[in-house]
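In: Dropping a prediction and its sequence here:
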Amino acid sequence: MIKVENLTRRFGRTLAIDNLSFEVKQGEIVGFLGPNGAGKTTTMRILSCFLPATGGKVTIGGFDVFADSLEVRRRIGYLPENVPLYTDMRVKEYLNYRAVLKGLSGKKKKQRVKEMLETCGLEEVSGSVIGRLSKGYKQRLGLADSLVHEPELLILDEPTIGLDPNQIRHIRNLIKSLAHHHTVLLSSHILPEVEMICERVLIINRGRIVASDTPGNLVGLMRGAPRTIAEINGPVEKVREGLLKIRGIISVIHESDGDWGRYLCDCEKDADVRPEIFAMASSCKWIMRELVLEKRNLEDVFVEVTTEEKEL
Amino acid sequence: MRNLCAIWRRELAACFLSPIAYVTMVFFLIASGSTFLVGVIKNAGSNVFLTNLLFASVVMWLTVLISIVSMRLFTEEVRSGTIEMLMTAPVTETEVVLGKYAGAVTFVLVIVAPAIANIFALAALNPSIGKIDEGAVVGGCIITFLVIAFCMSMGLLVSLMTKNQIAAAITCLCLIWIMLFLGNIVSAFPFMPAKLVAYLSVLAHVDEFSRGSIDSRPVILYLSGSAFMLFTAVRVLESKRWK
C-alpha cells in the first residue's frame, strides 16, 4: 500500500528525513514512533501530498504522491496533528462539506455523514459550533472527517492526543475494527496503546528508521539481560550464594527491606530461573513473598533505540 | 465543479460569519453613502451626472472593502492550519482558487448592491431629480463589477503570497491605489502617448461607464487582468506542492 524509497526532506540546512525507506502492506496497522522532531509529522505530510520531498520516491496504492497527487488524495484519509478545523462551522455542516470535497453526494453522502456522527460519538454535538467544542470532540470530528469517504489508507498523526481514557479506548477499538478493510499508519507517543493496536512498529530517530518489527519481536530483540526479582526472608549472604549457584543467573544485587531482602538477579538471555529460585528457597525453608520476571516493554525498546545510536 | 461550488459556499459563509465582515459592511455603506451625499450637496445646481458621483464614491471605498475581504482568503487558512486539511482533500488548486475568489466576489457584490441603491432612495426622497438614467446605472454597475473582479483577483494573489493578514491588506490596498491612479502616474511622463493614459485610467473608465457609455476595451482589460491574476494564483498554490 505504501512504498517509501530513499525519502529525503530538507528544511533549509536541516535534514528532517534522511534516506528513509519502508513499506506498509494492505490491511496492516502500523505504528509510527519516534521522539519529538524525529520526522514523523514531516513523513506523514509527504505521504498525504501536503509537503513535497527533497529526494526519493513515495507511492501509495501504486500512485506516486508527486505525479498523481489527486489520485493519492482520493485514497487517503489524513488526520493532521492538532486537528485544524473551521471553527466557525457547525459539526454536521463541516462533515457535509468535507464529504462533498471527498467526492460523496446524494444518499451516499447523507448516509456516511450519519454513520460517522454515530461511530465517532458526535450525534449530541452535531449542531454545535466547532469552536466551542472540547478538544476530545474536535479530535473525534477530525477522525470522522478522515474516515468519511472510506479511504483505503488512513494516516493519523497522534489520533488519541487530548482524549480521556474512555474515549481513547473507544477510538482504539474503532481503529482496530478498521484493520481488515483499511490500512492504517498512526503515530503516537502513548506506547502501550501502540503495543495494543499495531501489528508492526516503525521507530524513527533523526529522520532514519532505527527499528521495524512487531512489538513482540522488538521487545525480544532487546539487548541487556532480563531481570528476575525475588523477595526472600533469609540470611543475606547464604541467599546470595545460593542464587549465584543457579545456572543462568549472572549477578545478584541485594536491597534490604526490614527483615526481607530484595534480590535483583540479572540473568542470561532467555533464561527463566524462577522455578530454581523457588525450589532453592523452599528446600532451605526460607520464606518468599514475591518472585517476578521483569517484562521489558515497547517503552524500553523506544528509549534504547532513540537515545543510543544503535540499530536493532 | 461540485468541489468549486462547495468551496464557494463555504467561503461565502465564512465571510458572513466573521465579525470583520459586518464591521466593514457597515463602514463601507456609511462611508460610500456619505461621500455620495457630500458630492450631491456640493454639486447642487451644477450640471453633473448623479450616477458619476455615485459610482465614483462606491469605487473609492471599494478599495478598502476589497483589501479587507481579500486579506483573509489564504492567510487565515495558513494561520489556523486548515490549509493542510483543504489541500490534502482531493481538490485541484484551480477549484480552491476559483471557489474562494467566487465566494469573496459574491460577498462584496452583496455589500455593494445597497450602496448603489442609494441613488434610487435619493430620487424617491427628492421629486425634483426626476427620472434616473437607467443606462447610466447599468454602465456604472458593469464597471463596478469589473473593478471588483480585478481588485479581488489581485487581493487573492497577495493573500496567497503573504503570511500576515495586515501585511496582505496593506499591500493589496497600495496595489489597488496604484492601479486606480495608474493613468495619472503614466500621464506624468511626457513621453507616454495620451492613448495609453486613457487605456489605463481606471477613474476615467468609471467616469465614462457611469455616463452610460460602455466601451468594450476596458471590459477586456479588466477581465483578462483578472484571469491572469487568478492563473498566477493557481500556479503559486501549485508550486507549494513541489517547493
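Out: Yes, it's here.
In: all helices in chain B, in order from the N-terminus.
Out: B:2-17, B:19-42, B:50-80, B:82-87, B:93-125, B:134-161, B:165-180, B:182-187, B:194-200, B:202-209, B:216-242 (DSSP state H).
In: Any stretches of the chain with poor pLDDT?
Out: If you meant another chain, say so; for now it's chain A. For chain A, the stretches with pLDDT under 70 are A:220-225, A:308-312.
In: should've been chain B
Out: In chain B (pLDDT under 70), the answer is B:130, B:243.
In: try 80
Out: B:20-21, B:44-48, B:126-132, B:182-200, B:241-243 (pLDDT under 80).
In: Which positions in it make contact with chain A?
Out: When proximity is defined as Cβ under 8 Å from any Cβ of the partner chain, chain B approaches chain A at B:2-3, B:6-7, B:9-10, B:13-14, B:17-18, B:80-92, B:241-243. Just so you know, the C-beta spots here come from the backbone N, C-alpha and C atoms, and that holds for glycine as well.
In: In PyMOL, how would I select the buried members of those?
Out: Buried residues among the residues of chain B next to chain A (16 or more other Cβ atoms under 10 Å in any protein chain shown), as a PyMOL selection:
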select buried, chain B and resi 3+6+7+9+10+13+14+82+83+84+85+86+87+88+89+90+91
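In: thinking again about what came up before, out of the helices of chain B, which is closest to A:His180?
Out: helix B:82-87 (26.9 Å; Cβ to Cβ).
In: same for that closest one, what does it pack against?
Out: Helices and strands touching helix B:82-87, by 3 or more Cβ pairs under 8 Å, 6 or more residues apart in numbering or on different chains; DSSP states H and E, are helix B:50-80.
In: let's see 7 Å
Out: Applying 3 or more Cβ pairs under 7 Å, 6 or more residues apart in numbering or on different chains; DSSP states H and E, one finds that helix B:82-87 contacts no other helix or strand.
In: what comes into contact with that helix?
Out: A:Phe50, A:Pro80, A:Pro84, A:Leu85, A:Tyr86, B:Glu77, B:Val96 (Cβ atoms under 7 Å, 6 or more residues apart in numbering or on different chains).
In: Helix, strand, or coil at the first one?
Out: On the three-state scheme (DSSP: H, G, I helix; E, B strand; the rest coil), A:Phe50 is labelled coil.
In: residues contacting it?
Out: B:Glu84, B:Met87, B:Thr88.
In: What does it show for phi and psi?
Out: When read as degrees, to the nearest 10, the backbone of A:Phe50 gives phi -90, psi -40.
In: Would you mind listing the residues in contact with the residue of the stretch 201-312 of chain A found nearest chain B?
Out: Closest residue of the stretch 201-312 of chain A to chain B, Cβ to the nearest Cβ: A:Gly207 (19.7 Å). Counting by Cβ under 7 Å, 6+ apart, A:Gly207 touches A:Leu15, A:Ala16, A:Ile17, A:Asp18, A:Leu20, A:Ala38, A:Gly39.
In: what would those look like in TSV with neighbour count?
Out: Shown next, in TSV, are those (neighbours: other Cβ atoms under 10 Å in any protein chain shown):
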residue	neighbour count
A:Leu15	16
A:Ala16	21
A:Ile17	26
A:Asp18	16
A:Leu20	24
A:Ala38	22
A:Gly39	24
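In: coming back round to it: wait, which of the contacts of A:Phe50 is closest to A:Leu178?
Out: B:Thr88 (18.7 Å).
In: Of all residues in the stretch 1-150 of chain A, which one is closest to chain B?
Out: A:Pro84 (3.3 Å).
In: tell me, what residue is most central in chain B?
Out: The residue lying closest to the centre of chain B (Cα atoms, centre = their mean) is B:Ile148, at 2.3 Å.
In: picking that back up, hmm, the residue of the stretch 1-150 of chain A closest to chain B is touching B:Gly81, no?
Out: Yes. Between A:Pro84 and B:Gly81 there is a contact under Cβ atoms under 7 Å: 3.3 Å.
In: which residues touch the closest residue to chain B within the stretch 151-300 of chain A?
Out: In the stretch 151-300 of chain A, the residue that lies nearest chain B is A:Ile155 (8.8 Å; Cβ to the nearest Cβ). A:Ile155 sits next to A:Met44, A:Leu47, A:Ser48, A:Ile76, A:Tyr78, A:Leu185 when contact means Cβ under 7 Å, 6+ apart.
In: Check these one by one and keep those near chain B.
Out: By Cβ under 7 Å from any Cβ of the partner chain, the members of those lying near chain B are A:Ser48, A:Tyr78.
In: Export the contacts of A:Ile155 to JSON lines and append columns for secondary structure.
Out: Below are the contacts of A:Ile155 laid out as JSON lines (three-state DSSP):
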{"residue": "A:Met44", "secondary structure": "helix"}
{"residue": "A:Leu47", "secondary structure": "helix"}
{"residue": "A:Ser48", "secondary structure": "coil"}
{"residue": "A:Ile76", "secondary structure": "strand"}
{"residue": "A:Tyr78", "secondary structure": "strand"}
{"residue": "A:Leu185", "secondary structure": "strand"}
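In: Save the contacts of A:Ile155 as TSV, and put in neighbour count too.
Out: Output for the contacts of A:Ile155, formatted as TSV (neighbours: other Cβ under 10 Å):
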residue	neighbour count
A:Met44	23
A:Leu47	25
A:Ser48	27
A:Ile76	26
A:Tyr78	25
A:Leu185	26
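In: just curious, which of the contacts of A:Ile155 is nearest to B:Met25?
Out: For the contacts of A:Ile155, the nearest to B:Met25 is A:Tyr78 (36.0 Å; Cβ to Cβ).
In: Can you tell me the closest non-neighbouring residue to that closest one?
Out: A:Ser48 (4.1 Å; Cβ to Cβ, 6 or more residues apart in numbering or on different chains).
In: Give me every residue in the stretch 101-250 of chain A lying close to chain B.
Out: So far as Cβ under 7 Å from any Cβ goes, the stretch 101-250 of chain A lies against chain B at A:Leu101, A:Lys102, A:Gly103, A:Ser105.
In: ok, and the most crowded of those residues?
Out: A:Leu101 (25 neighbours; other Cβ atoms under 10 Å in any protein chain shown).
In: Hmm, B:Glu95 and it touching each other?
Out: No. Contact criterion Cβ under 7 Å: A:Leu101 and B:Glu95 do not qualify, at 8.9 Å.
In: So for the two, which residues contact both of them?
Out: Common neighbours of A:Leu101 and B:Glu95 (Cβ under 7 Å, 6+ apart) are B:Asn3.
In: Among the contacts of helix B:82-87, which one lies nearest to B:Pro114?
Out: Using Cβ to Cβ, the contacts of helix B:82-87 come closest to B:Pro114 at A:Tyr86, 27.9 Å.
In: in its sheet, what does the helix or strand in which A:Ile232 is found sit against?
Out: Assigned by DSSP states H and E, A:Ile232 belongs to strand A:227-233. The pairing partners recorded for strand A:227-233 under DSSP bridges are strand A:260-267 (antiparallel), strand A:287-293 (antiparallel).
In: Following it in sequence, what is the next regular element?
Out: That would be, after strand A:227-233 and using DSSP H and E, helix A:236-245.
In: who are the neighbours in contact with B:Tyr199?
Out: Contacts of B:Tyr199 by Cβ under 7 Å, 6+ apart are B:Arg217.
In: That concludes my questions; thank you for your assistance.
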